[in-house]
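# got a structure for you, letters missing:
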């Protein structure tokens, strides 16, 4: 139960972080500070890294809780 709760909470934080990073990339693209190609690469990379970390979290938290208990 603890692992599920901490994983969900951490995933929410990661989703919020990725969401705001994409908003920053959109603003930078609209101001012509980055090109369309960089915008696509940065956004895709942020989403992929966020999903990867969120999917690995339960296993990591399970090992931490096993070590503590």
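Thanks, I have it. This structure is a prediction, so every number in the text was calculated from the model and none was measured.

# okay, CA-based contacts and neighbour counts for the rest of this
Fine.

# Quick check, pLDDT for residue 47.
The score at residue 47 is 96. That number is its pLDDT.

# ok, it touching residue 18?
Yes. Residue 47 is within contact range of residue 18, at 6.5 Å (criterion: C-alpha atoms under 8 Å).

# and those two? which has more neighbours close in?
Per other C-alpha atoms under 10 Å, whichever of residue 47 and residue 18 has more neighbours is residue 18, with 20 against 17.

# residues contacting that one?
When contacts are counted by C-alpha atoms under 8 Å, 6 or more residues apart in numbering, residue 18 touches 46-47, 50.

# That one and residue 27: what is the separation?
Separation of residue 18 from residue 27 (C-alpha to C-alpha, to the nearest Å): 14 Å.

# same check, this time on residue 20
11 Å.

# now swap in residue 11 and tell me
For residue 11 relative to residue 27 (C-alpha to C-alpha), the value is 24 Å.

# out of those two, which sits in the busier spot?
residue 11 (19 against 13).

# Where does the prediction get shaky in the protein?
Residue ranges of the chain with pLDDT under 70: none are present.

# Helices of that one, start to end?
2-30, 36-68 (DSSP state H).

# so how many other residues sit close to residue 25?
There are 19 residues near residue 25, going by other C-alpha under 10 Å.

# pretty sure it is in contact with residue 43, am I right?
Yes. Counting by C-alpha under 8 Å, residue 43 is a contact partner of residue 25 at 7.2 Å.

# where do the contact lists of these two overlap?
Common contact partners of residue 25 and residue 43 (C-alpha under 8 Å, 6+ apart): none.

# Quick check: residue 39 vs residue 31, distance?
To residue 31, residue 39 is 12 Å away according to C-alpha to C-alpha.

# So for these two, which residue has more residues nearby?
residue 39 (18 against 10).
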